[in-house]
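Peer 1: can't give you the sequence, but here's the structure:
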């Protein structure tokens, strides 16, 4: 219901097919131009409606671990199918006798999951329960991912990155720029070992291309290259101008 409300749909409207969301989640970052286009349209709309008024850009990066060094495909399917069975048992305990025998070998976990899903979907009354439908859809999505991706043993594009001196991860980095109003104005995706500061120029350029006027940038020590640093007084003037429309010196002259 919350998704229908967000999409301005009434409760009786037929929702979009869940596979559309799965396909978008899987392919959304394949075409980076599409991601930039979506951000640009968002910023354009925010500026038009005067939601973005600041001249300050906030930059930061977050990491994404590769799925392959988390759990094996068999472990993921086993855990999710267990959750589905647990929910169904709480509704109809007799289903224990109708489900297929749980596999012993990891290699047949996917086949077991397919049989499990088929048996559950043959019981329309069970699928109508929201607490069954949600974990079941998640299980089906994971099974679909298994067919497409999870069988791969490694991700050749991922790299080891460091969150701190003693903490590392294996995966990617998402570098984001946003306005003071928390509207994302630019984004780049890199491998995990890339330095945050090296993406600053690109983030600023993308934000400006989207229509934002950038007067100053706020970031952590990762963006502290000398060429990017402002003198404290310069930053203060820029900040004052953002908040009041003029610097303190301009205000005195007026």
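Peer 2: Nice, I can see it. Everything numeric here is computed off the predicted structure, so don't read it as measured data.
Peer 1: Could you pick out the longest strand of this structure?
Peer 2: strand 167-179 (DSSP state E).
Peer 1: list the buried ones in it?
Peer 2: Under the neighbour-count criterion of 16 or more other CB atoms under 10 Å, strand 167-179 has 169, 170, 171, 172, 173, 175, 176, 177, 178, 179 buried. Backbone N, C-alpha and C define where each C-beta goes, glycine included.
Peer 1: Among the residues you listed, which one lies nearest to residue 126?
Peer 2: Comparing those against residue 126 with CB to CB picks out residue 171 as the nearest, at 37.1 Å.
Peer 1: wait, isn't that closest one in contact with residue 161?
Peer 2: Yes. Under the contact definition of CB atoms under 8 Å, residue 171 touches residue 161, with a separation of 7.1 Å.
Peer 1: what residues are shared contacts of the two?
Peer 2: 63, 192 (CB atoms under 8 Å, 6 or more residues apart in numbering).
Peer 1: what ranges do the helices span in this protein?
Peer 2: Along the chain, the stretches classed as helices by DSSP state H are 2-6, 18-27, 32-48, 73-91, 109-121, 124-127, 130-145, 200-209, 232-244, 248-253.
Peer 1: In the fifth one, which residues are buried?
Peer 2: By neighbour count on 16+ other CB under 10 Å, the buried set for helix 109-121 is 109, 110, 112, 113, 116, 117, 120.
Peer 1: Confidence-wise, which of these comes last?
Peer 2: Of all the buried residues of helix 109-121, the one the model is least sure of by pLDDT is residue 109, with 70.
Peer 1: Quick one: distance of the longest strand of the chain to the chain centre.
Peer 2: Between the centre of strand 167-179 and the centre of its chain there are 11 Å (CA atoms, centre = their mean, to the nearest Å).
Peer 1: That one - contacts with which helices or strands?
Peer 2: In terms of contacts (3 or more CB pairs under 8 Å, 6 or more residues apart in numbering; DSSP states H and E), strand 167-179 is packed against strand 56-65, strand 159-164, strand 184-191, helix 200-209.
Peer 1: What is the third one packed up against?
Peer 2: So that's strand 184-191. So strand 184-191, by 3+ CB pairs under 8 Å, 6+ apart, packs with helix 32-48, strand 167-179, helix 200-209.
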